[in-house]
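> Just need the structure, nothing else, for what follows:
(2 chains, ligands or ions: 2)
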Amino acid sequence: MFYRESGDFKTTYIDDDQTFPIKFDRYRYYAVMFVAFAIIPFMVNDYWVNAIFLPFLIYSIAAIGLNILVGYCGQVSLGTGGFMAVGAYAVYKLMTAFPDVSIVFHIFAAGAITAAVGVLFGLPSLRIKGFYLAVATLAAQFFLVWLFNRVPWFYNYSASGQINAPERTVFGEAVTGPNVNAWAVYLICLVFVTITALIARNLTRGTLGRKWMAIRDMDIAAEIIGVNPLTAKMSAFAVSSFFIGISGALFFAVYLGAAETGEAFGITKSFLILFMIIIGGLGSIFGSFAGAAFLVLLPVFLKVVGADWLGVPTDIVAHFQLVIVGALIILFLVLEPHGLAQLWRVAKEKLRLWPFPH
Amino acid sequence: MSAVAEEFITEDGRKIGAVVMEMKNITLKFGGVVAIKDISFDIRQGEIRAIIGPNGAGKSSMLNVISGFYHPQEGEVWYKGARRPTMRPYQVAAQGIARTFQNIALFEGMSVLDNVMTGRLTHMKTNMFQQGLWYGKARAEEIENRQKAEEIIDFLEIQAIRKTPVGRLPYGLKKRVELARALAAEPSILLLDEPMAGMNVEEKEDMSRFILDVNDEFGTTIALIEHDMGVVMDLSDRVVVMDYGKKIGDGTPDEVRNNQNVIDAYLGVAHD
Ligand SMILES: Nc1ncnc2c1ncn2[C@@H]1O[C@H](COP(=O)(O)OP(=O)(O)OP(=O)(O)O)[C@@H](O)[C@H]1O
Ligand SMILES: [Mg+2]
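Ligands and ions are numbered 1, 2, ... in the order given. You can find the predicted model right below:
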């Protein structure tokens, strides 16, 4: 079986526009979907779901969201943690205020609320760029965390200042609260990941995606050929924050169950997601997944190898992890700004020509 | 609109149409620098209008005024018989005015095809929600516009590089892709800022041919800035000559060639 497009002729523009133009890629994608939806749910246990699958899926959504803003539209943001917090608190308020409405609806609504907040904090991007915009979004991050800590209305005046997710069900199966099955929380997150990834893919390959990339690559030329910078940038902030809000809602309601803003959605979260898209690949949906997988698996891997097999003390392993991540960020920024996704593309390009590279 | 004959016969006996765009007494200043000083000229339907002049004469600034990128302190821009209000560049683009840049301004991170497709933006009307779902309208629109984009790609003979990221292309091809992106908009007026700068003779010939073909086949009105006099005299129907922000000549290539002010400017006669 050769990895080729030969003999796989595209005769229409529809065919040529497919997400996976090479048959082999398409089959691999179907296989991944099949395994994810039909096999993994029967195999997972609590450890796998909590240590790997949930964080991977939920961070993937956030990474896709941030990638739309940073990778596709070129607007730097350090406010991801704060926007995830907006999603979390929005879903919490909605869940407690309207207990009879489906949690699925609440999660989407939380995304929509975050989108509105994102647009608001994205307004400075019309005036400022790069470093200054990063600082402005950083201010948003601190402001939002401060707001959720300080205004008791957001945490329903609970004594601890924490928010706790009550039990909610989807088709009779609990997906939030203390009595959930591993496969159920896995599946609900998987469904959200699939939906957001498809929307992101559709947007980035169409007119809106091209507007974003035009703004990213050369904003003056973009405006002169007809891109309205206001709507292009604001739509990027809206879509990006919508995804990040959904991710924050899932992170709190399905994954953590109970959260305190500063801890769950602090500045480290902003950096974590940013590192994911830098390592995974700016301007790539696949890269968002790759980066999320990498940064979720790395600590697990180091813990298993370092602490469990080699007997290195856990605190040293934790420090070692920071060193590795730091080094990788620098390496990728310097050598391969398009991240793992680009390495993967290059490998595929080589494979397409193999075994006759010339 | 000022009283002008509806038709105009050029030197080569080509018939060109009525005035579509008129610049009236444009003055543009950057602080103390007067880039354009009280210039008026018009562009007629279907013509190739050259703007020439020495370096720093204010030619690019004039195109930037037409594009809505610079806003003149004085003067009016008339387009299709009406005075144009102050507009942002994207609004000007929506009116059917496309352009290329003196220093290539392509979207380097995107493929040739995506650059050309971006040029079709002004024709694409589906909203974010339709695009997110992809089915139905958004997809139909994408395919319809892809068809147009491919026609332009064929026309400019860049089929072989359509999937190549623009950043990897040599200079001459980039210039051609930029023309493709502008043409994709199916503009009524196409502004070209030194489309042949830095090209070798062969590339210049290709580019001249494309410009003539565009004008011929699509009937596109073209305003172009060019330093190569041979090219200007060959291509253009009428020429505006600028020097130090002032208009020093306006007419057919022959008239301009024999204009004493123009000769002085090009021979570098001292300014007083
Ligand atoms: N954004 C700007 N800010 C300040 N001055 C400017 C600006 N743009 C142009 N100028 C000045 O206006 C004058 C005309 O510049 P312009 O670029 O229009 O000349 P040009 O005729 O296109 O020259 P060239 O043939 O070198 O491209 C120059 O003196 C230039 O320095
Ligand atoms: Mg110039």
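> Show me which helix runs longest in the chain.
No chain specified, so I'll use chain A. Criterion DSSP state H: the longest helix present in chain A is helix A:182-205.
> that answer is for a different chain, and I need it for chain B
Scanning chain B for the longest helix, with DSSP H as the assignment, gives helix B:137-155.
> That helix relative to helix A:182-205, how many degrees between them?
Helix B:137-155 and helix A:182-205 are oriented at 40 degrees to each other (axes from the mean of the first three to the mean of the last three Cα atoms, to 10 degrees).
> With chain A in mind, check whether helix B:137-155 reaches it.
Yes - Helix B:137-155 lies within reach of chain A by Cβ under 8 Å from any Cβ of the partner chain, at B:Ala138, B:Arg139, B:Glu141, B:Glu142, B:Ile143, B:Arg146, B:Gln147, B:Glu150. Heads up, the C-betas are built off the backbone N, CA and C, glycines and all.
> Can you add neighbour count, distance to ligand 1 and pLDDT and give those residues back as a markdown table?
Compiled in a markdown table, those are given as follows (neighbours: other Cβ atoms under 10 Å in any protein chain shown; distance: Cβ to the nearest ligand atom, whole Å; pLDDT from 0 to 100):
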| residue | neighbour count | distance to ligand 1 | pLDDT |
| --- | --- | --- | --- |
| B:Ala138 | 24 | 38 | 87 |
| B:Arg139 | 18 | 42 | 88 |
| B:Glu141 | 19 | 37 | 91 |
| B:Glu142 | 22 | 37 | 91 |
| B:Ile143 | 14 | 40 | 91 |
| B:Arg146 | 20 | 35 | 93 |
| B:Gln147 | 10 | 36 | 92 |
| B:Glu150 | 17 | 33 | 94 |
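> farthest pair in these?
Farthest-apart pair in those is B:Ala138 and B:Glu150; separation 18.5 Å (Cβ to Cβ).
> ok so, going back, any idea of the mean pLDDT in the longest helix of chain A?
Averaging pLDDT along helix A:182-205 gives 94.
> Stretch A:132-146 too?
The predicted model assigns stretch A:132-146 a mean pLDDT of 93.
> contacts for it?
A:75-83, A:85-86, A:117, A:121, A:124-125, A:128, A:261-262, A:265-267, A:270 (Cβ atoms under 8 Å, 6 or more residues apart in numbering or on different chains).
> starting at the chain centroid, how far to that stretch?
Stretch A:132-146 has its C-alpha centroid displaced from the chain centroid by 19 Å (Cα atoms, centre = their mean, to the nearest Å).
> what comes up buried for it?
For stretch A:132-146, burial by neighbour count (16 or more other Cβ atoms under 10 Å in any protein chain shown) applies to A:Leu133, A:Ala134, A:Ala136, A:Thr137, A:Leu138, A:Ala140, A:Gln141, A:Phe142, A:Leu144, A:Val145.
> Can you tell me which of those is nearest B:Phe69?
Nearest to B:Phe69 among the buried residues of stretch A:132-146: A:Leu133, at 22.5 Å, using Cβ to Cβ.
> With only the CA atoms kept, save the helix or strand that the closest one is a member of in PDB.
Applying DSSP states H and E as the criterion places A:Leu133 in helix A:130-150. Presented in PDB, the C-alpha positions along helix A:130-150 are these (Å, rounded to 0.1, in the frame of the first residue of the first chain):
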ATOM      1  CA  GLY A 130       1.400  42.100  19.000                       C
ATOM      2  CA  PHE A 131       3.000  42.700  22.400                       C
ATOM      3  CA  TYR A 132       0.600  45.500  23.400                       C
ATOM      4  CA  LEU A 133      -2.400  43.300  22.600                       C
ATOM      5  CA  ALA A 134      -0.900  40.500  24.600                       C
ATOM      6  CA  VAL A 135      -0.700  42.800  27.600                       C
ATOM      7  CA  ALA A 136      -4.300  43.900  27.100                       C
ATOM      8  CA  THR A 137      -5.500  40.300  27.000                       C
ATOM      9  CA  LEU A 138      -3.400  39.600  30.100                       C
ATOM     10  CA  ALA A 139      -5.200  42.400  31.800                       C
ATOM     11  CA  ALA A 140      -8.500  40.700  30.800                       C
ATOM     12  CA  GLN A 141      -7.200  37.400  32.400                       C
ATOM     13  CA  PHE A 142      -6.500  39.100  35.700                       C
ATOM     14  CA  PHE A 143      -9.600  41.100  35.700                       C
ATOM     15  CA  LEU A 144     -11.900  38.100  35.000                       C
ATOM     16  CA  VAL A 145     -10.300  36.000  37.700                       C
ATOM     17  CA  TRP A 146     -10.600  38.900  40.100                       C
ATOM     18  CA  LEU A 147     -14.200  39.400  39.200                       C
ATOM     19  CA  PHE A 148     -15.300  35.800  39.800                       C
ATOM     20  CA  ASN A 149     -13.500  35.800  43.100                       C
ATOM     21  CA  ARG A 150     -14.900  39.000  44.300                       C
END
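> tell me the mean pLDDT for the helix or strand just after it?
For helix A:130-150, the following helix or strand on the C-terminal side (DSSP H and E) is strand A:163-164. Here strand A:163-164 scores 90 as its mean pLDDT.
> what sits up against strand A:163-164?
Contacts of strand A:163-164 (Cβ under 8 Å, 6+ apart): A:Ala88, A:Tyr89, A:Tyr92, A:Phe154, A:Tyr155, A:Asn156, A:Ser158, A:Phe252, A:Gly257, A:Ala258, A:Ala259, A:Glu260.
> do stretch A:302-312 as well
Outside stretch A:302-312, the residues touching it (Cβ under 8 Å, 6+ apart) are A:Pro313, A:Thr314, A:Ile316, A:Val317, A:Phe320, A:Gln321, A:Ile324.
> Could I have the CA atoms of whatever helix or strand the fifth one lives in written out in PDB?
Using DSSP H and E, A:Phe320 sits in helix A:314-335. The C-alpha trace of helix A:314-335 is given here as PDB (Å, rounded to 0.1, in the frame of the first residue of the first chain):
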ATOM      1  CA  THR A 314       8.200  13.200  42.000                       C
ATOM      2  CA  ASP A 315       9.100  16.800  42.700                       C
ATOM      3  CA  ILE A 316      12.300  16.400  40.600                       C
ATOM      4  CA  VAL A 317      10.200  14.800  37.800                       C
ATOM      5  CA  ALA A 318       7.800  17.800  38.000                       C
ATOM      6  CA  HIS A 319      10.700  20.200  37.600                       C
ATOM      7  CA  PHE A 320      12.200  18.200  34.800                       C
ATOM      8  CA  GLN A 321       8.900  18.400  33.000                       C
ATOM      9  CA  LEU A 322       9.000  22.200  33.100                       C
ATOM     10  CA  VAL A 323      12.500  22.200  31.700                       C
ATOM     11  CA  ILE A 324      11.400  19.900  28.800                       C
ATOM     12  CA  VAL A 325       8.400  22.000  28.000                       C
ATOM     13  CA  GLY A 326      10.500  25.200  28.100                       C
ATOM     14  CA  ALA A 327      13.200  23.800  25.900                       C
ATOM     15  CA  LEU A 328      10.600  22.500  23.400                       C
ATOM     16  CA  ILE A 329       8.800  25.800  23.200                       C
ATOM     17  CA  ILE A 330      12.100  27.600  22.400                       C
ATOM     18  CA  LEU A 331      13.000  24.800  19.900                       C
ATOM     19  CA  PHE A 332       9.700  25.000  18.100                       C
ATOM     20  CA  LEU A 333       9.600  28.800  18.000                       C
ATOM     21  CA  VAL A 334      13.100  28.900  16.600                       C
ATOM     22  CA  LEU A 335      13.100  25.900  14.300                       C
END
